[in-house]
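Trainee: sequence and predicted structure are below.
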Amino acid sequence: METLQHWAGGAALKSTGDRLGDVTDPATGQVTRQVAFATEADVEAVIAAARDAFPLWRDTSLTKRTQILFRFRELLNARADELAAIITSEHGKVLSDAAGEVARGQEVVEFACGMPHLLKGSATENASTGIDVSSIRQPLGVVGIISPFNFPAMVPMWFFPIAIAAGNTVVLKPSEKVPSAALWLAELWREAGLPDGVFNVLHGDKVAVDGLLTHPDVKSVSFVGSTPIARYVYETGTAHGKRVQALGGAKNHAVVLPDADLDLAADQAINAGFGSAGERCMAISAVVAVGSCGDALVEKIAERARGLRTGDGRRGCDMGPLVTAAARDRVSGYVDAGEAAGASLVVDGRGVSPDAEGEGFFVGPTLFDHVTTDMSIYTDEIFGPVLSVVRVDTYDEAVALINANPYGNGTAIFTNDGGAARRFQNEVEVGMIGINVPVPVPMAYYSFGGWKNSLFGDTHAHGTEGVHFFTRGKVVTTRWIDPARRGESGELDLGF
Ligand code: NAD
């Protein structure tokens, strides 16, 4: 069986250790390959490749750097289907979803193609008599990116196009559950003409992560994953003097007001609740039905949920499997717990008959009604296709519920009342808001990030905040002697 190795200095780098992880095809349950887990020596070698490449890359002209970005974009456009197929084979999401993920990543590449404009500083003439002041932004050096399993391509691409275009060199530590996309992207960079060592991949688990968090040559860490690990990454990385942005978990609510278009709300609840089998940090997992709309809304969501086809993502199904057997068991356990706690189980996804060969990790779309805030299906991030409907009497109760939640990634409101929507966007303590839009993922030229336990650090991903994160500012104050006064100080030997 194939064993995936690290990628450093433009080529595969064999691990010095023998710890391996299994990579499975979640639709069939088959182990398809293995991935090497980094040793401390591997961490050292991969970071050294990135460090050695930095001086040359940093001094490569912006024109040249941008041309490579454009080439990468063209190659990715031409071969996006290959990457989508890899994502589906290791993550399980349906092919159209995987293609959508690649497209969102590509938008960040396109944003990064505008780096010459984004890196422009400012200048002031005659700040004081004969004194000029200018500001510039420079790359940091080696930057670390640690990504989760649920977006094997898009999440790394939130960061590396901008980091690379700005002149940094990258060590990407992908999730060990979905390691192939990162290696495919590394090969694409090589084809695009990126110098060896600018983009590197370090596979593994905590050893690899801790290596990036503590190594003095790594200047920043961009992390996306669950909240406990995000907190750990933020605390450890900053304690070691690094700039850290650590995006964590989520529990996203969609509020439906009684005046909303309930068909639209139900369609969107299906997309946002069951897309990617609920394995999205922007998934809606709680629908808050306000006032009188609950019964009709639940009926519409249930009817649609029952019509979804669950199965192998390569067979044109609506929803694929969960990523591992453990994830499937965890999600089923939450459905058991919700039932035991007294929530009404309207659609039960346990025991679904998937359209797939083998022993894939499936749970079908699951809908609970009359969920209360003390139940684990409400309090926990399930990260599966389980949608809970919570009923409240008023708008104020709905907002209070969201603001009391420890997470603050995304939220949405469905209403036809502009005034209510305006109040919601003002009052709700969440980083990304959708108004009649259930998954309000910002475009690449805005920045992505939540509040509270959904993000540690103060810089969101991509957009201008991303450019800021991957560069640091310098201000230059200059006095040049007027030519008329030349000679007063005599000839100097400057030693060049
Ligand atoms: P995870 O936290 O288990 O893993 C994320 C990364 O951390 C992986 O690369 C993994 O190898 C590493 N890791 C895992 N355990 C570690 C440990 N003990 N020490 C050091 N490193 C460790 O997350 P996941 O299960 O891969 O991804 C799902 C989670 O990511 C969900 O909570 C989801 O909400 C979150 N997520 C958040 C966003 C966002 O933008 N806020 C986006 C995508 C996913």
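Mentor: All right, it came through fine. Numbering: from 1, shown residues only.
Trainee: what is the burial count for V142?
Mentor: 28 (other Cβ atoms under 10 Å). Where C-beta positions appear, they are placed from N, C-alpha and C, glycine not excepted.
Trainee: and the residue of the stretch 201-350 of the chain nearest the ligand?
Mentor: G225 (2.6 Å; Cβ to the nearest ligand atom).
Trainee: now for that residue: which residues touch it?
Mentor: I146, S147, P148, S175, V233, L247, G248, G249 (Cβ atoms under 8 Å, 6 or more residues apart in numbering).
Trainee: do the same with V352
Mentor: Taking Cβ under 8 Å, 6+ apart as the criterion, V352 is in contact with T310, F362, V363, G364.
Trainee: make JSON lines out of the residues you listed and add neighbour count, secondary structure and distance to R65.
Mentor: Conversion of the contacts of V352 to JSON lines gives the following (neighbours: other Cβ atoms under 10 Å; DSSP: H, G, I helix; E, B strand; the rest coil; distance: Cβ to Cβ, whole Å):
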{"residue": "T310", "neighbour count": "24", "secondary structure": "strand", "distance to R65": "44"}
{"residue": "F362", "neighbour count": "28", "secondary structure": "coil", "distance to R65": "44"}
{"residue": "V363", "neighbour count": "28", "secondary structure": "coil", "distance to R65": "45"}
{"residue": "G364", "neighbour count": "22", "secondary structure": "coil", "distance to R65": "47"}
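Trainee: contacts only, for the most centrally placed residue in the chain.
Mentor: Nearest to the geometric centre of the chain sits V155, at 3.4 Å (Cα atoms, centre = their mean). By Cβ under 8 Å, 6+ apart, the contact list for V155 reads S147, P148, V224.
Trainee: same question, F368
Mentor: Here F368 is in contact with G338, A343, S344, L345, V346, I377, V386, L387, S388, V389 (Cβ under 8 Å, 6+ apart).
Trainee: returning to what we had before: which SS state does the residue nearest to the centre of the chain fall under?
Mentor: At V155 the chain is in helix, as set by DSSP: H, G, I helix; E, B strand; the rest coil.
Trainee: for it, give me the pLDDT.
Mentor: Confidence at V155, expressed as pLDDT, is 98.
Trainee: would you format the contacts of G225 as CSV with pLDDT, distance to the ligand and secondary structure included?
Mentor: Written out in CSV, the entries for these read as follows (pLDDT from 0 to 100; distance: Cβ to the nearest ligand atom, whole Å; DSSP: H, G, I helix; E, B strand; the rest coil):
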residue, pLDDT, distance to the ligand, secondary structure
I146, 99, 5, strand
S147, 98, 6, coil
P148, 98, 3, coil
S175, 98, 4, coil
V233, 99, 7, helix
L247, 98, 4, strand
G248, 98, 6, coil
G249, 98, 3, coil
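Trainee: related to what we said a few turns ago, which of the contacts of F368 has the most neighbours?
Mentor: Of those, with other Cβ under 10 Å as the count, L387 tops at 30 neighbours.
Trainee: outside of the helix or strand containing it itself, list whatever touches it.
Mentor: Using DSSP states H and E, L387 sits in strand 386-392. Under the criterion Cβ under 8 Å, 6+ apart, residues 269, 273-274, 278, 284-290, 294, 297-298, 301, 305, 331, 334-335, 338, 343, 349, 363, 365-373, 375, 377-378, 398, 401 lie in contact with strand 386-392.
Trainee: buried only: go through those for me.
Mentor: 269, 273-274, 278, 284-290, 294, 297-298, 301, 305, 331, 334-335, 338, 343, 349, 363, 365-369, 371, 375, 377-378, 398, 401 (16 or more other Cβ atoms under 10 Å).
Trainee: V43: what secondary structure?
Mentor: Recorded secondary structure, V43: helix (three-state DSSP).
Trainee: just list the residues touching it, thanks.
Mentor: Counting by Cβ under 8 Å, 6+ apart, V43 touches L202, V207, A208, G211, L212, H215.
Trainee: give me that answer again for 6 Å
Mentor: By Cβ atoms under 6 Å, 6 or more residues apart in numbering, the contact set of V43 is G211.
Trainee: what's the answer for S222, then?
Mentor: Neighbour list for S222: I145, F159, Q245 [criterion: Cβ under 6 Å, 6+ apart].
Trainee: same thing with A49?
Mentor: Counted by Cβ under 6 Å, 6+ apart, A49 has contacts A8, G9, G197, N200.
Trainee: what is the last one paired to in the beta sheet?
Mentor: Okay, so that is N200. Beta bridges link N200 to V171 when assigned by DSSP bridges.
Trainee: please tell me how far the nearest residue to F456 once chain neighbours are set aside sits from I146.
Mentor: The spatial neighbour of F456 that comes closest, neighbours along the chain excluded (Cβ to Cβ, 6 or more residues apart in numbering), is Y234 at 3.6 Å. Distance, Y234 to I146, by Cβ to Cβ, to the nearest Å: 11 Å.
Trainee: who has more neighbours, those two?
Mentor: The neighbour count for Y234 versus I146, taken as other Cβ under 10 Å, is higher for I146 (27 against 22).
Trainee: the more buried one touches S175, doesn't it?
Mentor: No: applying Cβ atoms under 6 Å as the test, I146 and S175 come out as separate, 8.7 Å apart.
Trainee: re the thing from before, ok, the contacts of A49 vs the ligand, which is closest?
Mentor: N200 (15.1 Å).
Trainee: pull the number of nearby residues for that closest one.
Mentor: A count of nearby residues for N200, using other Cβ under 10 Å, gives 28.
Trainee: for it, give me the pLDDT.
Mentor: The confidence metric pLDDT takes the value 99 at N200.
Trainee: which residues touch A337?
Mentor: When contacts are counted by Cβ under 6 Å, 6+ apart, A337 is found next to S376.
Trainee: quick check: which element contains it?
Mentor: Using DSSP H and E, A337 sits within helix 325-340.
Trainee: tell me the mean pLDDT over that helix?
Mentor: On average, helix 325-340 scores 98.
Trainee: quick one: I162 is in a strand?
Mentor: No: per three-state DSSP, I162 lies outside any strand segment and is helix.
Trainee: do you know how far it is from F361?
Mentor: Per Cβ to Cβ, I162 is found 34 Å from F361.
Trainee: higher neighbour count, these two?
Mentor: Remark: of I162 and F361, I162 carries more neighbours, 31 against 25, as counted by other Cβ under 10 Å.
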